[in-house]
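Engineer: Provided below for reference: sequence and predicted model.
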Amino acid sequence: MKRPLAYITAPWSENEFENTENAAKYCRAVYDAGFSPVCPALFLPLFLRDEIPQEHKDGIDMAREYLRRARVLVVCGSTVDESVKNDIAVAERLRITATTLDGILTVKGQGRRNE
């Protein structure tokens, strides 16, 4: 079975460890719902240094390219910050469906999250 790509976005904090933990949890839930999750916040910090302006820009460009290739944008977390709003706007412009993690789980018949 081929799984459609699902781009994961959330209001990421300054805490790298918290972001990694949350991103892994979100990706697992999306995977369990039948998608192939793509979450740049989970892997880009492993090799890009955000404090270097060119690498920061490259990270944004790479993340946008992953979003372009996705079938759906999955908004995770309980709040929406500017980066999430930007992801939603890009998805809308590219005519990519945007939904929440709860929406994915409900549609896929999961109906609940294991926290």
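Structural biologist: Nice, I can see it. Residues are numbered from 1 along each chain as shown.

Engineer: which other helices and strands contact the least confident helix or strand in the chain by mean pLDDT?
Structural biologist: Within the chain, confidence by mean pLDDT, DSSP states H and E is lowest for helix 101-107 among all helices and strands, at a mean of 86. If you count contacts as 3 or more CB pairs under 8 Å, 6 or more residues apart in numbering; DSSP states H and E, helix 101-107 packs onto helix 16-32, strand 72-75. Backbone N, C-alpha and C define where each C-beta goes, glycine included.

Engineer: Comparing the ones you listed, which comes out most buried?
Structural biologist: Most buried of these by mean neighbour count (mean count of other CB atoms under 10 Å) is strand 72-75; its value is a mean of 23.

Engineer: Show me what secondary structure element comes after that strand.
Structural biologist: helix 82-93 (DSSP states H and E).

Engineer: List the buried residues of the least confident helix or strand of the chain.
Structural biologist: Under the neighbour-count criterion of 16 or more other CB atoms under 10 Å, helix 101-107 has L101, D102, I104, L105 buried.

Engineer: Quick check: the second one vs L46, distance?
Structural biologist: Between D102 and L46 the distance, using CB to CB, to the nearest Å, works out to 28 Å.

Engineer: And for K85?
Structural biologist: Counting by CB to CB, the gap from K85 to L46 is 26 Å.

Engineer: The two: who's more crowded?
Structural biologist: K85 (13 against 7; other CB atoms under 10 Å).

Engineer: Which residues are in contact with that one?
Structural biologist: With contacts taken as CB atoms under 8 Å, 6 or more residues apart in numbering, K85 has no neighbouring residues.

Engineer: Q54: which of the helices and strands packed on helix 101-107 is closest?
Structural biologist: helix 16-32 (20.3 Å; CB to CB).

Engineer: Mind checking what helix or strand follows that closest one in sequence?
Structural biologist: Using DSSP H and E, the helix or strand that follows helix 16-32 towards the C-terminus is strand 36-38.

Engineer: Buried residues, that following strand. List them.
Structural biologist: Burial within strand 36-38, assessed by neighbour count using 16+ other CB under 10 Å, is assigned to P37, V38.
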